[in-house]
Every structure is written in C-alpha cells, then in structure tokens.
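Participant: Give me the fold of what follows.
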Amino acid sequence: MLFLLGLVPALPLLVCIVLLWRKPAEGPLALRLARGLGLCTLCAAPAILVQDGLLLFGGSSSSFGVVECLRVWPFQLWVLLGGGVVQQVFEEYAKSITGHRQSTMMDNWHLYYGFTLLWALPWSALFASRLRNPAWRRDRVVWIVAAVLLINAVAGARWPWWGT
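Facilitator: Predicted coordinates:
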C-alpha cells in the first residue's frame, strides 16, 4: 500500500521522463516543459541511491531494509527532486499554511509536492529551452543545472521525510 501511495504522485514525473525520449524536440510548450521536468527528475534520481545507502548502512537516524527501500522509491523520486531547498521551505511554512504539524512530510505531502513543482518549474523551463538544440547533451548550461539539481537532491538525502 505504501508503494502505491508514493506512486500516484510519482506517475506524472515518470511520464515526463518517458516523454524525454519522445521526438521531435519541438512541440507545444506543455510538452517541452514536461520533457524538461523529466530531465530534472532524472538529474535528482541518483540521490535515491545515496539515501538508500544511508538508510541501509547506518548513516541515518532511521534504518530501512532493502524491501522497505524498494517500497518507498516512488516517494524518494519526488521528495528528493525537491531536495534540501524545498525541505527548508517546507519546514519553515508547512504548519502555518496547513495547520498540521510539520515534523513529517506525510501529513502535508500535497504541500511538499507543490513546493517541489514550484522549485522544478524554472529549471524545467530552462531545460525545455535547451532541449530544442540537437546538441543539448553537450550544453554546459544543461550540465551545470543538472549538477545543481543533483547536489540539492543529495543535500536532502538525510531528511527523514517518513517522520521521526
């Protein structure tokens, strides 16, 4: 059940990843933004391995087994896309916006998800503008933004989004 709860919000991101391989690079703005969001998601995804390593090998205050890590990867996909930046904003404002306690993201996942989309949208738009160039894989700006997204995701890997 936990897997399905995380998968529902992860599905749009997974669709965006699939659209990244759709050709041509041109198309309506919504398609280009979706492809950019897919690229953002892919850039943050390696942080899942970092978080799983911390959870499996004692680098976190919590510990998960391999089965638990497999069950929560859909959550990790979108939680780590938001990364450290969204976690800071969420911790600061979640309680005042929703009235719920902010010590667990699970109480306010919809708010966290919205903050994540707000964080990813400008990067997605930048990627969307770069994806129009056939040589986008060699574009320095794409690589710099990819590094920023990955660093932010890794910075959020220690945050206990599952609760304390």
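
Participant: Nearest residue to the residue nearest the centre of the chain in space, please, no chain neighbours.
Facilitator: Central residue of the chain (Cα atoms, centre = their mean): Leu81, 1.7 Å from the mean position. Of all residues not flanking Leu81 in the chain, Ala44 sits nearest, at 4.5 Å (Cβ to Cβ, 6 or more residues apart in numbering). The C-beta positions use only the backbone N, C-alpha and C, and glycine is treated the same way.

Participant: residues touching that neighbour, list them.
Facilitator: With contacts defined as Cβ atoms under 8 Å, 6 or more residues apart in numbering, Ala44 is in contact with 77, 80-81, 83, 149-150, 152-153.

Participant: Most neighbours of all the residues you listed, which one?
Facilitator: Counting neighbours by other Cβ atoms under 10 Å, Leu80 leads those with 31 neighbours.

Participant: mind listing what that one touches?
Facilitator: Per Cβ under 8 Å, 6+ apart, neighbours of Leu80: 44-45, 47-48, 51, 153, 156-157.

Participant: tell me the two of the residues you listed that are most distant?
Facilitator: Among the contacts of Leu80, the pair separated by the greatest distance (Cβ to Cβ) is Ala45 and Gly156, at 12.8 Å.
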